[in-house]
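[1] Sequence first, then the predicted structure, then my questions.
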Amino acid sequence: MTTISSKNIWMRRQQCPCGDWKCYVSYEGDAEETSMASQLVKSETNSLSETMVAPYVGMVFKSDDEAFEYYSNFARKNGFSIRKERSRLSPQLGIYKRDFVCYRSGFAPMRKKLSGEHHRDRKSVRCGCDAKMHLSKEVVQDVTQWFVVQFSNVHNHELLEDDQVRLLPAYRKIHEADQERILLLSKAGFPIHRIVKVLELEKGIQGGQLPFLERDVRNFVQNRKKIVQENDALLTEKRENDTMELLDICKATKEADEEFVYDFTMDENNKVENIAWSYSDSVNAYSMFSDVVYFDTSYRSITYGMIFGAWLGIDNNGRIILFGCALLQDETVGSFVWALQTFARFMKGRCPQTILTDLDPGLRDAIQSELPSTKHVMSICNILSKLSSWFSLPLGSQFSEFKSEFDALYHAESAEDFELRWSQMVPMFGLGSDKHIALLYSHRMSWAVSYTRGYFLARMATTSYSKSVDAFLKGLFSAQTCLRSFFEQVGISNNLQNQPRQQMPYTHIKTFIPIEEHSRKILTPFAFNAFQHELVLAMQYAASEMANGSYLVRHFKKMDGERLVIWIPEDEQIHCSCKEFESSGILCRHALRVFILKNYFQLPERYFLTRWRQESSFVCFYDQAPQQNHDEWFQEFQSLTKTLFAESSISKERSDYIRRELTKELTRLLNEVRDMPESDELAMDFTLSPTE
C-alpha cells in the first residue's frame, strides 16, 4: 500500500531551463563538468576492477552487503552479473548463511497456460550456470564477520564484453540525480527519446552510452506517475482538512485579537483556495515603514501545492519586518491580484512607494493593474540566481564572459548606454532567439540601474538583505509538518520581531568632521554606518565649481565617472546625478564632498529621513546610555593599549614577551568571540554602495 509522509516540505520555486515555474528541481553544472565527472568515476571504477582480487575460500567481509558489493564489482569486470539466492535463518544468529549466484544460475520454471490465454514466449537467460559464492556468518569476540565458505567462477555460458555487460538489468541503474533530471524534463513535456538525448548531450557522451536504456527511462516515468496518482487522493484529503483547520485557527485568532486581520476565497467546489493574514503589530509597523515592500513568492509547499507569499519590509535599524503573508493555490495573475488587493485592504488602503518582487510576468501584470502608482523593481539577486540555469549550458566556456557583460549592463549609466551595449551583447553570444534574453529585455525597466535609478529602495535591493530574507523564510519553513504548525511559527516570528532587541554595534567617529558627529546623534547605527561610509569616501573626491554654481565631482584616481552635483543655495538643496539619496535616503559621497566644501557643520534637516532616525522606532530599541558606555570603554581600551606598548618598548626582552603572549591571548579571545552568536535577531549586514 502506498503511503505519503505527513511532513510538509517547502521548496524554493525556480524556473527550469524550459521556463516552466512548475519544475521545482534545478539542474546545476554544465555539460563539460558533467562529462568530466562521469569520466572520472568511470576511470576510478576501471582502476579498482583491474586490481580486484577474485573471491576465495576464507575471504572475510564485515557484512553480507559488503560481500555482495564486492562480488558484484568482480562480476561486472568479468562480464556477468549476480543475484541473491538463498539465505538461512537461526533464532540465535538471525541470517547466518547467504548464497550469491550468477544471474544465469538455475532454470526458469515452466509456466502453465490457461486455456484461451496467449503469452509471449520469452527465452529465459537461465542455463544452469554453477558460478557462485556462499557465505557463513560467525561471531568472534562479539565481532560479526562473514566468511567465504565456497566459491566457483566456472560458467557454462559466454561472458560479455564491457559494452555489453553494462546493459544487464543489474547494472542499469538510474541514479538519483538522473531521476530528478528525467522528472523535470518529463514535467516540461519532453518525450522519452528527447529526454535520453538531452541526458547524453549534458553528460557529453555518444548515443547509447548511458548506463540505462530508453525503456528503463520510460518504465521509471510511468512508475513515478502511478505513485503520484496513488498519492493524489491522500494528498487531496489532507489539503482539504488542513486548509479548513487553518481557516478555523484564523477565526479563533480574530476572536481573541480584534485587530488581527485575515481573508480567504473559496473555489467552485466550496474548498479553501487562497488565504491571507496579518497581525496588528505588522499593520502598525507598516504605517511607519510602508515606503518599500518586498513581496516574496519564491517558496511552494510540495505537500499542499500552495505558494507562500510574504510581504516584507525593513525598519530603521536594517531589520526585516513581516507585514503579512498569504497562501495561494497558483501563480496566475488572478491569484496575485487577489493577494495585492487583500494586502492593500489589510493596510487600510495605503500603497507602498516601491515594491520589490522576483522576476515573474504574472506578478508584474498584477502590480500594474492593482498598484499603478507604485514603482515596480525586480530583485537583481533573484535574476542573477537564474543566469546559470538559463545560460551556462548554451554558452559553455563563454558563460563567465557573459556574466561580466551582464553585470556591466546592469550598472550602465544611462538608458542609451544600456540599449547600445545590449544590442552588442546579444549577437556577440548568439542569443538572438533565446527566450530568456527576450524575457529579461522586456522587463529591463524594472531591474536595470539605468531605468530604476532614483526609485526609493531603502537599501533593500542588496545581496545582504536578500540573504537575510532567505534566512528568515527558511526559519519559517523548517520542519513544519502541517499548516497549523506553520501558522504558529509565523506568529512566533512576528512576536519576536516586535520584542526589544540588543542594540547594533556602536560606530565610532572616523573623520571628526562636525557633520559626522551631528549625524550620529540623529541616525540609527545602521543608517549612520551607511552615512559614515559615504563620508569617509568623500575625502577621496575633488569638486570643481562650474559657472552656474553646480559642481563636477570625481575621484582623485579616476578621470572618468564624474558626477554632476547641483547646488541650490536658496533652499539648501543638493542633487547628485548618482541619485543615491533618492534611492537609499542616505546622502552620497559626491553631495557630502560639496557640503564639506561649503563648510557645513550640520546637514539640513531634509537630509535626515524620518525612516532612518532613532526616534522612528515603533519599539524603543535604543537609549543614549549604551553609547556613552561604549565611548568610555573605547577610551579605556586605548589607554591600556598605549601604556602596554610604552612599557614593552623599554627592552627587547619585554618586547618579545609582549609580542608572544599578546598574540596567544588575542587568538584565544578571537576564537571565543567567533563561537558566540552574532546577534539576537536577523539583522541586515551593511553592504557598500554600488554607485562607484
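    Nice, I can see it. Numbers count the residues shown, from 1 in each chain.

[2] After the helix or strand harbouring P394, heading C-terminal, what element do we hit next?
    Using DSSP states H and E, P394 sits in helix 380-395. Sequence order places helix 399-410 as the next helix or strand after helix 380-395, per DSSP H and E.

[3] and that next one, average pLDDT?
    Helix 399-410 shows a mean pLDDT of 93.

[4] what's in contact with that helix?
    By C-beta atoms under 8 Å, 6 or more residues apart in numbering, the residues outside helix 399-410 that reach it are 30, 380, 387-388, 391-392, 395, 418, 421-422, 425, 428-429, 447-449. The way it works is simple: take the backbone N, C-alpha and C, and place the C-beta from them, glycine included.

[5] Just name the lowest-scoring one in those, pLDDT-wise.
    D30 (44).

[6] can you list the weak-confidence ranges in the stretch 151-300 of the chain?
    The stretch 151-300 of the chain contains residues with pLDDT under 70 at 230-232.

[7] what residues does stretch 591-610 touch?
    Contacts of stretch 591-610 (C-beta under 8 Å, 6+ apart): 513-515, 518-519, 522-523, 534-535, 538, 541-543, 551, 553, 565, 567, 572-576, 580-581, 585, 587, 616.

[8] Report the buried residues of that stretch.
    A591, L592, R593, V594, F595, I596, L597, Y600, L603, Y607, F608, L609 (16 or more other C-beta atoms under 10 Å).

[9] picking up where we left off before, just the ones in strands from the contacts of stretch 591-610, please.
    Under the assignment DSSP state E, the contacts of stretch 591-610 contribute Y541, A542, A543, Y551, V553, V565, W567, Q573, I574, H575, C576 to strands.

[10] ok, what's across the strand from the third one?
    Going back to what we said before, that points to A543. A543 has these beta-bridge partners by DSSP bridges: V553.

[11] What's the local residue count around it?
    18 (other C-beta atoms under 10 Å).

[12] Hmm, V565 and it touching each other?
    Yes. Counting by C-beta atoms under 8 Å, A543 does reach V565; the two are 7.2 Å apart.

[13] which residues are in contact with both of those two?
    Y551, L552, V553, R593, V594.

[14] Export those as CSV, with columns for distance to A252 and pLDDT.
    As requested, the shared contacts of A543 and V565 are exported to CSV (distance: C-beta to C-beta, whole Å; pLDDT from 0 to 100):
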residue, distance to A252, pLDDT
Y551, 62, 95
L552, 64, 94
V553, 60, 94
R593, 58, 95
V594, 59, 95
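
[15] Just name the closest of those to P109, please.
    Using C-beta to C-beta, V553 is the member of the shared contacts of A543 and V565 that lies nearest P109, at 90.8 Å.

[16] residues in contact with the closest one?
    Counted by C-beta under 8 Å, 6+ apart, V553 has contacts Y541, A542, A543, S544, E562, R563, L564, V565, C576, H590, R593, V594.

[17] Next one: the third one from G561, what distance?
    According to C-beta to C-beta, to the nearest Å, A543 and G561 sit 14 Å apart.

[18] Give me the phi and psi for the residue nearest to L523 when sequence neighbours are not counted.
    Using C-beta to C-beta, 6 or more residues apart in numbering and skipping residues adjacent in sequence, the residue nearest L523 is W612, 5.4 Å away. Main-chain torsions, W612, degrees, to the nearest 10: phi -100, psi 0.

[19] Pretty sure W612 sits against S584.
    No. Contact criterion C-beta under 8 Å: W612 and S584 do not qualify, at 9.1 Å.

[20] that older thread, between the shared contacts of A543 and V565, which sits nearest D656?
    When the shared contacts of A543 and V565 are ranked by distance to D656 (C-beta to C-beta), R593 comes first, at 46.2 Å.

[21] That closest one - that's part of a helix, no?
    Yes. Membership of R593 in a helix is supported by DSSP: H, G, I helix; E, B strand; the rest coil.

[22] Could you report the distance from it to L457?
    Taken as C-beta to C-beta, the span from R593 to L457 is 23 Å.

[23] Look up how far L409 lies from K77.
    53 Å.

[24] right, I mislabeled it, should have said E572
    Applying C-beta to C-beta to E572 and L409 gives a distance of 37 Å.

[25] Ok, D242 next?
    45 Å.

[26] Check the offset of stretch 482-499 from the chain's centre.
    Stretch 482-499 sits 22 Å away from the centroid of its parent chain (C-alpha atoms, centre = their mean, to the nearest Å).

[27] could you turn it into CSV, dropping everything but the C-alphas?
    Output in CSV follows, covering the C-alpha atoms of stretch 482-499 (Å, rounded to 0.1, in the frame of the first residue of the first chain):
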residue,chain,number,x,y,z
CYS,A,482,1.1,20.9,8.8
LEU,A,483,-0.5,24.3,8.2
ARG,A,484,-1.4,24.7,11.9
SER,A,485,2.3,24.5,13.0
PHE,A,486,3.3,26.7,10.1
PHE,A,487,0.7,29.4,11.2
GLU,A,488,2.0,29.1,14.7
GLN,A,489,5.6,29.6,13.6
VAL,A,490,4.7,32.7,11.6
GLY,A,491,3.0,34.1,14.7
ILE,A,492,6.1,33.3,16.8
SER,A,493,8.4,35.1,14.3
ASN,A,494,6.0,38.1,14.2
ASN,A,495,6.1,38.3,18.0
LEU,A,496,9.9,38.0,18.1
GLN,A,497,10.4,40.9,15.6
ASN,A,498,8.5,43.2,17.9
GLN,A,499,10.4,42.4,21.1
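
[28] what does the domain assignment say about this structure?
    59-106+125-166, 172-256, 258-379+447-494, 514-616 (the TED database).

[29] Straight-line length of the third one, end to end?
    If I follow you right, that is domain 258-379+447-494. End-to-end span of domain 258-379+447-494 (C-alpha to C-alpha, to the nearest Å): 17 Å.

[30] for the first one, same thing?
    Here the two ends of domain 59-106+125-166 are set 27 Å apart, with distance taken as C-alpha to C-alpha.

[31] now swap in the second one and tell me
    Between the start and the finish of domain 172-256 there is a gap of 60 Å, counting by C-alpha to C-alpha.

[32] What of stretch 575-582?
    Start-to-end, stretch 575-582 (C-alpha to C-alpha) is 9 Å.

[33] buried stuff in that stretch?
    C576, S577, C578, K579, E580, F581.

[34] Please identify which pair of those residues lies farthest apart.
    Farthest pair in the buried residues of stretch 575-582, by C-beta to C-beta: S577 and F581, 11.4 Å.

[35] Walking through the stretch 151-300 of the chain, point out its strands one by one.
    261-266, 272-278, 292-301 (DSSP state E, counting those that start in this stretch).
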